[in-house]
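Mind looking at a prediction? Sequence and model below.
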Amino acid sequence: MEYHHRILRLPAVKARVGLSRSTIYLRIAQGSFPEPVSLGGRAVGWVEDEVAALNAARIAGKTDEEIRALMVKLEAARKSVAAAKARPNGPDAQAKQPGTSA
């Protein structure tokens, strides 16, 4: 999955999924909604691609168990992208190394 790194704040997420704030946080606790990412301080947001994947799964009629499995997969993908960017030899490493033409 390719991330576009667009973050949605709660009002935009509520509009896209048609759920209330309390239902969104209940589903996060149940594992059937993407975890928010910290934006610093007390601000959080949701990865747009993850919200879109959830909507697509709901539209496709996926079961709650299939939705939870999707959330686990999305979380693993998010962590692998973050880990790859943090490694010195990750995908952006060539551009950061002195003496290379990137």
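On my side now, so go ahead.

Can you get me a residue count around residue 50?
When neighbours are counted by other C-beta atoms under 10 Å, residue 50 registers 24. (C-beta placed from N, C-alpha, C; glycine too.)

ok, how many other residues are close to the closest residue to residue 33 other than its chain neighbours?
Closest residue in space to residue 33, ignoring its immediate chain neighbours: residue 27 at 3.6 Å, by C-beta to C-beta, 6 or more residues apart in numbering. As a burial measure, residue 27 scores 19 neighbours (other C-beta under 10 Å).

Surely residue 27 and residue 19 touch.
Yes: in this structure, residue 27 is within contact of residue 19 by C-beta atoms under 8 Å, at 7.4 Å.

returning to that earlier point: can you give me the buried ones in the strand or helix carrying the residue nearest to residue 33?
Using DSSP states H and E, residue 27 falls within helix 21-30. By neighbour count on 16 or more other C-beta atoms under 10 Å, the buried set for helix 21-30 is 24, 27.

Show me what it is packed up against.
helix 10-17 (3 or more C-beta pairs under 8 Å, 6 or more residues apart in numbering; DSSP states H and E).

Counting by contacts, list what the helix it packs on packs against.
Using 3+ C-beta pairs under 8 Å, 6+ apart, the elements in contact with helix 10-17 are helix 21-30, strand 43-47, helix 48-59.

how about those, which one is nearest residue 68?
Residue 68 lies closest, by C-beta to C-beta, to one member of the helices and strands packed on helix 10-17: helix 21-30, at 7.7 Å.

next helix or strand past that closest one?
strand 37-40.

Outside of that next one itself, list whatever touches it.
If you take C-beta atoms under 8 Å, 6 or more residues apart in numbering as the criterion, strand 37-40 is touched by 7, 44-47.

Is residue 84 within a helix or a strand, and which one?
Here residue 84 is covered by helix 64-86, with elements defined by DSSP H and E.

Now do the buried residues in that helix.
Buried, per 16+ other C-beta under 10 Å, within helix 64-86: 67-68, 70-71, 74, 77-78, 81.
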